[in-house]
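My questions are about this predicted structure, shown below with the sequence.
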Amino acid sequence: MLGSILSPRSPCCSSAPCVPIPIRTPSRTACGCLGLCGNGPNAVLELHGQKPVKLSHITTTTGLARVLEQFCDVRVDERTLKASQLRSAGNAEARRGNAKRAVNFYRDALAADPPQGRHLILSNLSVVLLTVKDLDSALEAAREAQACAPPGWPRGYMREADVLCAMGRKDEAAAALEGARRADRGAHRSLEYQAIARQLGLDKRAR
């Protein structure tokens, strides 16, 4: 397919007549990624004492694991890798509005028994369980996320507050929200915290 960028009637800064210049439509080669990697490198690997390495099409957890192994001699635990893949799939379903499918992916991710990151999976699971109105399970997931989270991570408390608010247990929700602030003194700046605080009538605290 041919096109032109100049025509005889196009404005030109030269006194010479304008001549159509044919150009070909750009072609592309399928790379097997998710189609979200853009037109160029989407990651830069900086190794000590070496020139930075630009990487393209790093769009999956498997791809990232391969990079770490090849360039950094770091091997990702297979359980962590599997759980990360399942969590990513759950995130994709949640973004599409398929909450029930997301629940299944997150539960499969937990079943993979990853040594790290369980709190992140549980946090996401709590959100989609709240979406499908399974409030008791959503509350359980939020509290489990708190129990296995590293110090200073407030999101589990915010998940708990969100579920308790949906249950109408506002005093407990306010206490959970305060727990988020104890975990991270800057938690009140997050949009999620502020949204829950508004539901509880605690706008002044959220500021």
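Cool, the structure landed. This structure is a prediction, so every number in the text was calculated from the model and none was measured.

so what's residue 199 up against?
residue 165 (Cβ atoms under 8 Å, 6 or more residues apart in numbering). From N, CA and C alone the C-beta is placed, and that goes for glycine too.

which element follows the longest helix seen in the chain toward the C-terminus?
Ranked by residue count, the top helix of the chain under DSSP state H comes out as helix 78-95. As assigned by DSSP states H and E, the chain's next helix or strand after helix 78-95 is helix 99-111.

can you tell me how far the residue positioned nearest the centre of the chain sits from residue 127?
By Cα atoms, centre = their mean, the chain has its centre lying nearest to residue 91, at 7.1 Å. Separation of residue 91 from residue 127 (Cβ to Cβ, to the nearest Å) stands at 10 Å.

Per-residue pLDDT of the nearest residue to residue 105 once chain neighbours are set aside, please?
Once flanking residues are discounted, residue 105 sits nearest to residue 90: 3.4 Å by Cβ to Cβ, 6 or more residues apart in numbering. Turning to residue 90, the model gives it a pLDDT of 96.

quick one, what contacts residue 90?
Applying Cβ under 8 Å, 6+ apart, one finds that residue 90 lies in contact with 101-106, 109, 121, 124-125, 128.

of those residues, closest to residue 194?
residue 124 (20.4 Å; Cβ to Cβ).

What strand or helix carries that closest one?
helix 118-131.

Provide the backbone phi and psi angles at residue 45.
The phi/psi pair for residue 45 (degrees, to the nearest 10) reads phi -100, psi 120.
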